[in-house]
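Student: when you get a sec, could you give me coordinates for this:
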Amino acid sequence: MPHTRNYRKEYDTYHKTERQKKRRAGRNKARSLVVKKRGKAAVQGKDVHHADRNTTNNNLSNLKIQSKKQNRGNNK
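Tutor: Predicted coordinates for the structure are as follows:
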C-alpha cells in the first residue's frame, strides 16, 4: 500500500521553522528583485537561481534566470 504524505506534519516539522522561513523569504526576495530588474515576462515559468547556492545573497550578479528543469537539477 502506498504511503500517504502528511502535509500538516511536514509543515509543522520543516516549513514552519525559522531557518526555513528565512530561506524561503530570501528566495522570494530574489525573484522580486529579478522581476523589477528584468520584467515579469522574463521570469514567467522559470526559476531564479542563486549561483553560489546561498539564498541570502541576493546580489544581482549572483542571480540567474533558468528553466525550472535546469535549476532544480542543480541540487547535487
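Student: doesn't residue 66 belong to a helix?
Tutor: No. Per DSSP: H, G, I helix; E, B strand; the rest coil, residue 66 lies outside any helix segment and is strand.
Student: what is the burial count for it?
Tutor: Residues lying near residue 66 (other CB atoms under 10 Å) number 15. Where C-beta positions appear, they are placed from N, C-alpha and C, glycine not excepted.
Student: so is the closest residue to it other than its chain neighbours in a helix, a strand, or just coil?
Tutor: Of all residues not flanking residue 66 in the chain, residue 49 sits nearest, at 4.6 Å (CB to CB, 6 or more residues apart in numbering). What three-state DSSP gives for residue 49 is strand.
Student: cool, and residue 57?
Tutor: coil.
Student: I'd say it and residue 50 touch.
Tutor: Yes. Applying CB atoms under 8 Å as the test, residue 57 and residue 50 come out as touching, 6.4 Å apart.
Student: rewinding a little: my read: the residue nearest to residue 66 touches residue 68, true?
Tutor: No. At 10.2 Å, residue 49 does not count as touching residue 68 under the criterion of CB under 8 Å.
Student: of these two, who's got more company?
Tutor: residue 49 (18 against 10).
Student: read off the pLDDT value for residue 54.
Tutor: We have a pLDDT of 89 for residue 54.
Student: so how far is residue 52 from the residue nearest to it when sequence neighbours are not counted?
Tutor: Spatially, and ignoring its direct neighbours in sequence, residue 54 is nearest to residue 62 (7.7 Å; CB to CB, 6+ apart). Distance from residue 62 to residue 52, counting by CB to CB, to the nearest Å: 6 Å.
Student: more neighbours, the two?
Tutor: Set residue 62 next to residue 52 and count neighbours by other CB under 10 Å: residue 62 wins out with 14 against 9.
Student: okay, residue 57 and residue 50: which has more neighbours?
Tutor: residue 50 (20 against 14).
Student: need the contact list for that one.
Tutor: 30, 57-58, 62-63 (CB atoms under 8 Å, 6 or more residues apart in numbering).
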